[in-house]
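**Q** Turn this into a structure:
(one chain, ligands or ions: 1)
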Amino acid sequence: MISIRSLSKSYSGTTILDNINLDIIPGEIHGLLGASGAGKSTLLRCINGLEQFSPSGRVRVDNIELQNLSSASLRAFRKNTGMIFQDFALLERKTALENVMLPMTCWQKKTKELRLRAMGLLQSVGMEDKADHRPAQLSGGQKQRVAIARALALKPKVLLCDEATSALDPATAKSILDLLKKINQESGITIVMVTHQMDVVKYICDRISVIERGRLIRTDTIKNILTSQPALLPSLAENLPIDLQQEEIGLAITLADIAQSTDLLLSLSTITQNKIRVVFTRSDRCKTGTVAQYVIAVNQPDYTSVVRYLNQNKIQFQKLAA
Ligand SMILES: Nc1ncnc2c1ncn2[C@@H]1O[C@H](COP(=O)(O)OP(=O)(O)OP(=O)(O)O)[C@@H](O)[C@H]1O
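**A** Predicted coordinates:
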């Protein structure tokens, strides 16, 4: 559905995207995850034909090769790709209904027909009773619902979301993610989401691509990344007040199978003669499976044997900074 080959992009001699190769599967929800400035939004805009890229690059969306398109064909292509943004980008002077009708004006159909379709779209995002409201009269979550309805107006096969839930409180963000999940399941639309929020990707994404300083580091499910290369993702312990005592070393451990937890803790207790402390536990339900995460404190003399046990059993861990 979306195939990207040898995609590079620079601004004034600075490389922003460096030889990106990526296939996004039809119907999947794909997350682009990375730190601020990594190049996620630029990559999204390349998929939407909004950015030019180096001549060697190829971006194919639904069998259309974007690098071959004239400006007019690119404009037509963009109409068929829905996009939603952090700041909603609704026209303030127009009502919710008029905002949703806007992209359809190119269809040259009767206003009555367009109103009917726009109303149906507002209904599908739970906003039919706010059709006459202007954006200023709507909450953030409601504005994003209208923006989603507008993005779907021309029946796109791809919906691109740039930090679509970043400006929303957690409960509203979850309701928007639930709506996107529902739309994806019902229509099979491919969704590509730029985000820096782990909770978002865990909740909604089938697979993610991790971008670091313009380079695509890995594409996989969250579960596979967490259980094989957790250092690629924001650390579990990053925001935890881990209170280590003198002589203790902190380890963040990730288990692919929650059923392994009891065995692991029993073995570590035996190895250390009951001298490990479990500082934090969490089980994370990702879209593609559950992952168990622990932070344990190990006494310095036991550290080597604990690490040997984890390595022998292929259990992923990260040593935490003291
Ligand atoms: N029009 C532009 N001109 C020059 N540099 C740009 C331009 N647009 C983006 N950049 C630079 O490209 C880099 C990547 O920007 P981009 O917005 O793609 O990152 P991002 O990963 O989406 O970051 P964030 O999460 O903060 O939005 C940044 O260093 C940014 O300053």
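**Q** show me what contacts residue 278?
**A** Residue 278 makes contact with 265, 294, 295, 296, according to CB atoms under 8 Å, 6 or more residues apart in numbering. Backbone N, C-alpha and C define where each C-beta goes, glycine included.
**Q** redo that, cut-off 7 Å
**A** 265, 294, 296 (CB atoms under 7 Å, 6 or more residues apart in numbering).
**Q** Now intersect those with the strands, please.
**A** Assigned to strands by DSSP state E, the following of these qualify: 294, 296.
**Q** Just the buried residues of the contacts of residue 278.
**A** Using 16 or more other CB atoms under 10 Å as the burial test, those include 265, 294, 296 as buried.
**Q** Check those residues against residue 190 and report the nearest one.
**A** residue 294 (35.3 Å; CB to CB).
**Q** For that closest one, which non-adjacent residue is closest in space?
**A** residue 253 (4.6 Å; CB to CB, 6 or more residues apart in numbering).
**Q** With respect to pLDDT, which of the contacts of residue 278 ranks lowest?
**A** Model confidence across those bottoms out at residue 294, which has 86.
**Q** and that one, what is it in contact with?
**A** Applying CB under 7 Å, 6+ apart to residue 294 gives the contacts 253, 278, 280, 281.
**Q** Need the phi and psi values for the first one.
**A** Dihedral angles phi and psi of residue 253 (degrees, to the nearest 10) take the values phi -120, psi 140.
**Q** Please name the residues that touch it.
**A** 293, 294, 296, 315, 317 are the contacts of residue 253 under CB under 7 Å, 6+ apart.
**Q** could you show me where the helices are in the stretch 51-200 of the chain, in order?
**A** 71-79, 96-101, 111-124, 140-151, 170-187, 198-204 (DSSP state H, counting those that start in this stretch).
**Q** Where does the stretch 201-322 of the chain get nearest to the ligand, which residue?
**A** Closest residue of the stretch 201-322 of the chain to the ligand, CB to the nearest ligand atom: residue 211 (6.6 Å).
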